[in-house]
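S.K.: quick one, what's the 3D model for this:
(2 chains)
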2 protein chains.
Amino acid sequence: MADIARMAGVSVSTVSRALSGGASVAAITRIRILQVAEATGYNVNESARNLRHRRTSAVEVIIPAEPETRRVLHDPVIADMLDSIADALSKRHHDLLLSKTPPWSTEIPYNSIISGRADGIILIGQGPWRRDIRDFARQHNAVAVWGGHFPEDDYTVVGSDNVEGGRLATAHLIARGRRRIVFFGDPDHPEEGLRLAGCRQALGEAGLSLPETHVIRTASDGPPSEDTGGQLHAAADQLARGCLTRGHLTRGRAARSGPDFDGVVAASDMAALAVLAALGTAGLSVPDDVAVTGYGDVAAARTAQPPLTTIDQHIREGGRRLVQTVLDMAAGITPSATHHILPPDLIVRQST
Amino acid sequence: MADIARMAGVSVSTVSRALSGGASVAAITRIRILQVAEATGYNVNESARNLRHRRTSAVEVIIPAEPETRRVLHDPVIADMLDSIADALSKRHHDLLLSKTPPWSTEIPYNSIISGRADGIILIGQGPWRRDIRDFARQHNAVAVWGGHFPEDDYTVVGSDNVEGGRLATAHLIARGRRRIVFFGDPDHPEEGLRLAGCRQALGEAGLSLPETHVIRTASDGPPSEDTGGQLHAAADQLARGCLTRGHLTRGRAARSGPDFDGVVAASDMAALAVLAALGTAGLSVPDDVAVTGYGDVAAARTAQPPLTTIDQHIREGGRRLVQTVLDMAAGITPSATHHILPPDLIVRQST
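M.R.: Have a look, this model is predicted:
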């Protein structure tokens, strides 16, 4: 450090403060010191610095999954969210620790907050673990979750207003003249269950109802499968084949007078894309025979055949809010259990 | 530590060794000590431990991208690779630091190896940065790269045999009777350029050639776009429209006698899916009018309409090899510039 101080023409304590990120050093001085330090090959040891400052400048992002049972990043919503969080943390000069191991797992005796590896934890998705998340978040100061809002959950959630999103999609189908609407999704998935509630709400407002036979469940029993895409396509094929064998839907005008269904509210874009493919294979036309809405506005929704009407849940804004929230919580700024609800937007394309 | 030692019935030095992950403590003793430590709320400070051991137990995974210009995780190959690396590092009890900032960027004065945050760096993809990667890898001991193999690159690469993959896909189309084949991809992308070389090789072996007009470039000039999907679809639409306006291809048998093209070797599954969509919109039948192959075997290839013939590049195995390689390098086991070439496999489905 003495060498760097001499070469940069400043005191040793200024070098020390500059290298440790102290705010008391003028930016231009700090840049000069960093340049000199780099030129001399001086290594700033982050572990030493973290220990001295009792901070880590890292946030752990966990996409909770059963070990090895699910390729979580197959889901483009999760991939987009992680991408946005990475950009936001990078802008805030924080490292991102990525993990798929639920922090309440008994396999790991110390989570990243306890062990001092991270200042806070962001969980992407609640899966079947809402109770575990409640317990975990009570024990730790800086935990923020992307997912659905439930009054009984007292942890901090950033998420789309899923009820409103489900309502918007369904009301749009009703406005397009559709009356026999099915919901295609997983009612046990926290966010998709809320979207189903919004779907029922819109139908109720129009004096319509959603019989249980019109809730098409996309998830098999048991733990989440590695091949969610395959599950969705199997359910969609059954949906499309079912309406063909019952003879209710045929191409063109007959379909619109048939007794079966003429609209599908899919609980995610991936589910909607599976429905589009299955309807196409069955020779049914979208939107003439059946109008379809998705949820999420992932990239594949724009390039679908036909392009997919969907709900924009503002994933990238969600990622920024999660980072802001967890860093505020780590700094003691935001009270826990503050909810951040992002209003969703309807994006109308050719599938409706 | 003295309290934990008393409660666990062991010596203080055994507690110290157990908490610092020392191998000299019997597993069952270590578990008991960790349980007692957890019960008493004892915090193992990882920063302190890392400093003492001069190791970090972390690997940085970088998906290099221009700042904010590209949503890198939109690419399912990259998402699958990251997922596999996360699982492999978790099994080896290492943390994963995720970043999109190229470590040779002048914006960051210290990369994670220099600063002691990580033992090694895995780069997913070479982009336009092969020269930067060469310089960077010469300065650091433990850098492993997923990408294409080039004789002039002296850094450690794990990757698919892209030339062989391109050759396999093209030879398969030729075996299916296709003679007028186009390559659809980005010749300037390191891996896609190698796949093009393999495509030319297979055509040469069959006494055929690939005129420049049959190399359809999917990338626009300039920096990588945020919306790669849109670019691919625009290029695919042009391909499909072009063959329609020239009147060479029409539905059914006429197509097979037309002079234009009857096979597409797409350089990635995403590119192939864009081609399938554009051909469908143009009223062309796959594989009757045009047979299409992809590269990568991502999940969407299996559920495409029709399901896509493609090259399995064994992404998850690649992720495991990257982790093994970078940890070996960090431990001084593997000499640098060892290449790991994964033999690709042809997966035949209904698109050919």
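S.K.: what does the host helix or strand of A:L203 contact?
M.R.: Here A:L203, judged by DSSP states H and E, is contained in helix A:190-205. Residues external to helix A:190-205 that are found in contact with it (CB atoms under 8 Å, 6 or more residues apart in numbering or on different chains): A:126-127, A:130, A:147-150, A:159-160, A:162-171, A:174, A:181, A:183, A:185-187, A:209-210, A:215, A:265, A:267-268, A:295. C-beta here means a position set from N, CA and C on the backbone, and glycine is covered the same way.
S.K.: now, of the residues you listed, which are buried?
M.R.: The neighbour-count test (16 or more other CB atoms under 10 Å in any protein chain shown) marks A:126-127, A:130, A:147-150, A:159-160, A:162-171, A:174, A:181, A:183, A:185-187, A:210, A:265, A:267-268, A:295 as buried among those.
S.K.: in strands only, show me those.
M.R.: Within the buried ones among the contacts of helix A:190-205, residues falling in strands by DSSP state E are A:159-160, A:181, A:183, A:185, A:265.
S.K.: list the buried ones in stretch A:6-24?
M.R.: Of the residues in stretch A:6-24, those scored as buried under the neighbour-count criterion (16+ other CB under 10 Å) are A:7-8, A:10, A:14-15, A:17-19.
S.K.: max pairwise distance over these: which two?
M.R.: A:M7 and A:R17 (16.6 Å; CB to CB).
S.K.: for A:V215, what are phi and psi?
M.R.: Phi and psi for A:V215, reported as degrees, to the nearest 10, are phi -100, psi 100.
S.K.: now do it, the pLDDT please.
M.R.: pLDDT recorded at A:V215 is 93.
S.K.: which residues does it bridge with?
M.R.: A:F183 (DSSP bridges).
S.K.: now do the strands for chain A: every range, in order, please.
M.R.: A:58-62, A:95-99, A:120-124, A:143-146, A:156-160, A:181-185, A:215-217, A:263-266, A:291-293, A:310-312, A:340-342, A:345-347.
S.K.: what are the contacting residues of the fifth one?
M.R.: Meaning strand A:156-160. Taking contacts as CB under 8 Å, 6+ apart, the residues outside strand A:156-160 that touch it are A:137, A:143-149, A:191, A:311, A:313-314, A:318, A:321-322, A:325, A:329, A:334, A:336-342, A:344.
S.K.: show the buried residues in these.
M.R.: Those of the contacts of strand A:156-160 that meet the buried threshold are A:137, A:143-149, A:191, A:311, A:313-314, A:318, A:321-322, A:325, A:329, A:334, A:340, A:342, A:344, by 16+ other CB under 10 Å.
S.K.: which of the contacts of helix A:190-205 fall in helices?
M.R.: Using DSSP state H, the members of the contacts of helix A:190-205 that fall in helices are A:130, A:162-171, A:174.
S.K.: what number of residues lie near A:H140?
M.R.: Counted with other CB atoms under 10 Å in any protein chain shown, residues neighbouring A:H140 total 17.
S.K.: thinking again about what came up before, dump the ones in strands among the buried ones among the contacts of helix A:190-205 to a markdown table, plus pLDDT.
M.R.: A markdown table is the format used below for these (pLDDT from 0 to 100):
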| residue | pLDDT |
| --- | --- |
| A:G159 | 96 |
| A:S160 | 95 |
| A:I181 | 94 |
| A:F183 | 96 |
| A:G185 | 95 |
| A:V265 | 97 |
